[in-house]
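In: Based on what follows, work out the 3D shape:
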Amino acid sequence: MSVIEKAEPMSAGEPAKALWISTAAFTLCFAVWTIFAIIGIRIKQDLGLNEAEFGLLVGTPVLTGSLVRIVLGIWTGRYGGRLVYTITMLAAALATFLLSYAQTYSQMLIAGLGVGLAGGSFAVGVAYVSPFFPAEKQGTALGIFGAGNVGAAVTKFAAPFVLLAWGWQAVAEIWAVCLALMAIVFWFTTTDDPAFRLRRERGVASRSLAQEFAPLQNVQVWRFSLYYFFAFGGFVALSLWLPRYLVGVYGFNLETAGMVAACYSIPGSIFRAFGGVLSDKKGARSVMYTMLAVSAVATLILSLPAATITPAIFIVVIFVLGFFMSLGKAAVYKHIPAYYPESVGAVGGIVGMMGGLGGFILPIAFGLLKDMTGLWSSCFLLLFAIVVASLIWMHLSVKQLSRQGHSAPVAAT
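Out: Coordinates of the predicted model:
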């Protein structure tokens with residue numbers, strides 16, 4: 001039985017209000033989290049960075065946003081998503097504003113660690129939003145919330161023009177002010193989630209850390225993490241890397257590269273909601289099979305030498321890849337409340353952390369592979385290897401479960 005079925009009745013519009021305001025907040029958080037995808041290119045030029053240094057720069061916020069997710073997920077269960085979400089946004093806004101005063105590469109990296117707090121908001125939002133909805137609607141709800149990934153497109157559309165008009169420092173300052181205002185709006189327009197209210201009303205003690213982390217002993221959690229490492233981590237990495245790729249391979253200017261990368265981010269974000277609906281109706285496992293299979297084909301095509309792929313073909317295939325990644329992101333998180341209803345914060349946090357680490361590790365790996373091989377397409381060969389490994393592991397695990405006669409929760413099959 002879900003929390004929403006055990007808690008006191010809510011007003012008719014309370015779940016929808018919590019969902020949409022949380023999604024708007026996550027959109028701005030994601031816009032801040034991916035800010036280096038645009039301003040990082042200008043910083044690279046100003047500081048004379050190589051590809052590996054650039055990859056580290058754009059990946060640093062992703063590192064913080066990844067590692068902090070498991071902590072924020074647990075704190076959400078203990079202190080409530082409304083409080084934790086608001087504080088996370090305010091802290092990220094402050095760090096982003098201070099970024100505009102950084103001058104050296106080391107200072108940029110330190111500031112980037114603070115900017116990355118915005119990425120941790122995902123774990124908070126998942127644990128906050130899911131209790132508002134019954135199990136049969138959680139896939140759709142979390143898919144809509146996850147569509148806040150479209151914030152990456154907001155940055156890629158708007159940041160180049162702000163940068164050209166007033167400099168990259170203005171981008172950091174404006175994005176910081178917008179996020180701080182969103183934090184204030186969120187605090188004054190939302191309520192505590194039903195799970196937290198129920199525990200507070202009944203005086204239920206917080207679960208111990210051992211209890212919170214107990215599900216992490218299950219290898220299934222780490223299998224879900226690998227899926228998310230590719231679906232979300234790969235999405236974030238490509239969102240950060242595409243402007244540089246398009247400039248380097250096809251000679252696009254920064255504005256054009258930013259617009260194309262933004263168009264990649266939009267379907268890769270908005271259709272996450274559609275992935276949630278499909279996961280509710282068709283089953284998360286079926287959606288995952290389809291996502292991994294199509295992604296394997298797409299990354300294999302993009303692994304061909306860059307000179308053999310025209311800009312038009314590249315854009316079409318990358319859009320297809322982004323669309324199916326969005327379905328996979330939703331499907332992974334449909335599994336979590338179905339299998340681990342009492343540990344959504346901890347399990348969702350660790351899966352989100354691993355996905356975020358993909359967004360940190362992969363841009364650095366892309367830069368190192370480019371520096372070592374001289375091949376721009378080497379980044380897609382790496383993604384192909386990851387998706388094939390995921391597909392094989394999933395298939396073998398499903399066959400093993402079938403032989404043992406284990407039945408998965410209906411919502412996740």
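In: How much space separates Ile174 from Met108?
Out: 18 Å (Cβ to Cβ, to the nearest Å). To be clear about C-beta, it is placed using only N, CA and C from the backbone, and glycine gets the same treatment.
In: ok, these two, which is more surrounded?
Out: Met108 (21 against 17; other Cβ atoms under 10 Å).
In: excluding its backbone neighbours, what's nearest the more buried one?
Out: Ala102 (4.9 Å; Cβ to Cβ, 6 or more residues apart in numbering).
In: now Leu242
Out: Closest residue in space to Leu242, ignoring its immediate chain neighbours: Ala261 at 4.0 Å, by Cβ to Cβ, 6+ apart.
In: And what about that neighbour, helix, strand or coil?
Out: helix (DSSP: H, G, I helix; E, B strand; the rest coil).
In: in the stretch 1-150 of the chain, which spans are helices?
Out: Applying DSSP state H, counting those that start in this stretch to the stretch 1-150 of the chain gives helices spanning 3-6, 14-33, 36-47, 51-79, 81-99, 105-115, 121-129, 135-146.
In: Let me see the contact set for the residue nearest to Leu242.
Out: Ala261 is in contact with 37, 156, 239, 242-243, 246, counting by Cβ atoms under 8 Å, 6 or more residues apart in numbering.
In: most packed of the helices of the stretch 1-150 of the chain?
Out: Greatest average neighbour count among these goes to helix 121-129 (a mean of 30), per mean count of other Cβ atoms under 10 Å.
In: Just the residues contacting that helix, thanks.
Out: For helix 121-129, the surrounding residues in contact (Cβ under 8 Å, 6+ apart) are 18-19, 22-23, 25-26, 29, 65, 69-70, 72-73, 75-77, 80-82, 84-85, 88-89, 92, 141-142, 145-146, 148, 193, 333, 336, 344-345, 348-349, 352-353, 356.
In: For Ile70, which non-adjacent residue is spatially closest?
Out: Nearest to Ile70 is Gly349, by Cβ to Cβ, 6+ apart, at 3.6 Å.
In: Wait, the one you found touches Ile74, no?
Out: Yes: between Gly349 and Ile74 there is a contact under Cβ atoms under 8 Å: 6.5 Å.
In: and the nearest residue in space to Thr86 that is not next to it in sequence, how far is that from Leu181?
Out: Nearest-residue entry for Thr86: Trp187, 4.5 Å, with adjacent residues in sequence omitted and distances by Cβ to Cβ, 6+ apart. Trp187 sits 11 Å away from Leu181, going by Cβ to Cβ.
In: go on, Val84?
Out: Val84 is 18 Å from Leu181, by Cβ to Cβ.
In: next SSE after the strand or helix carrying Ala331?
Out: Assessed by DSSP states H and E, Ala331 sits inside helix 311-339. Next in sequence after helix 311-339, counting helices and strands by DSSP H and E, comes helix 344-373.
In: Phi, psi for Thr191 please.
Out: phi -120, psi 170 (degrees, to the nearest 10).
In: Burial check on it, number of neighbours?
Out: Neighbours around Thr191, by other Cβ under 10 Å: 15.
In: Now do it against Gly13, distance only.
Out: Distance from Thr191 to Gly13, by Cβ to Cβ: 11 Å.
In: Show the contacting residues for Ala237.
Out: 358-359, 362-363, 366, 379.
In: try 6 Å
Out: Ala237 makes contact with 359, 362-363 under the criterion Cβ atoms under 6 Å, 6 or more residues apart in numbering.
In: And for Phe30?
Out: Counted by Cβ under 6 Å, 6+ apart, Phe30 has contacts 148-149, 151-152.
In: just curious, which of the residues you listed is nearest to Leu49?
Out: Leu49 lies nearest to Ala152 out of the contacts of Phe30, by Cβ to Cβ, at 21.4 Å.
In: Can you get me a residue count around that closest one?
Out: Using other Cβ under 10 Å, Ala152 is surrounded by 29 other residues.
In: Then Ala312?
Out: Ala312: 8 surrounding residues under other Cβ under 10 Å.
In: measure it to Ala262 for me?
Out: 18 Å.
In: Residue ranges in the chain under the pLDDT threshold?
Out: 1-12, 203-213, 215, 267-269, 341-345, 404-413 (pLDDT under 70).
In: At the geometric centre of it, which residue do we find?
Out: Phe232 (5.2 Å; Cα atoms, centre = their mean).
In: Now for it: which residues touch it?
Out: Phe232 neighbours (Cβ under 6 Å, 6+ apart): 329, 355.
In: give me that answer again for 10 Å
Out: 66, 122, 146, 149, 268, 272, 325-326, 328-329, 332-333, 351-352, 354-359 (Cβ atoms under 10 Å, 6 or more residues apart in numbering).
In: can you put the contacts of Ala261 in JSON lines and add distance to Arg202?
Out: Formatted as JSON lines, the contacts of Ala261 follow (distance: Cβ to Cβ, whole Å):
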{"residue": "Ala37", "distance to Arg202": "45"}
{"residue": "Lys156", "distance to Arg202": "46"}
{"residue": "Ser239", "distance to Arg202": "42"}
{"residue": "Leu242", "distance to Arg202": "49"}
{"residue": "Pro243", "distance to Arg202": "51"}
{"residue": "Leu246", "distance to Arg202": "55"}
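In: Looking at those residues, which are in helices?
Out: Using DSSP state H, the subset of the contacts of Ala261 located in helices is 37, 156, 239, 242-243, 246.
In: from the residues you listed, which would you call buried?
Out: Among the ones in helices among the contacts of Ala261, those scoring as buried are 37, 156, 239, 242-243, 246 (criterion: 16 or more other Cβ atoms under 10 Å).
In: Please look at Arg190 and Glu14 and confirm they touch.
Out: For residue 190 the amino acid is Thr, not Arg. Yes: if you go by Cβ atoms under 10 Å, Thr190 and Glu14 touch, sitting 9.1 Å apart.
In: Run a quick neighbour tally on Lys399.
Out: Applying other Cβ under 10 Å, I find that Lys399 has 10 neighbouring residues.
In: what about it, which helix or strand?
Out: Judged by DSSP H and E, Lys399 forms part of helix 378-404.
In: May I see the buried residues of that helix?
Out: Neighbour count says helix 378-404 has 378-384, 386-387, 390-391, 393-394 buried, by 16+ other Cβ under 10 Å.
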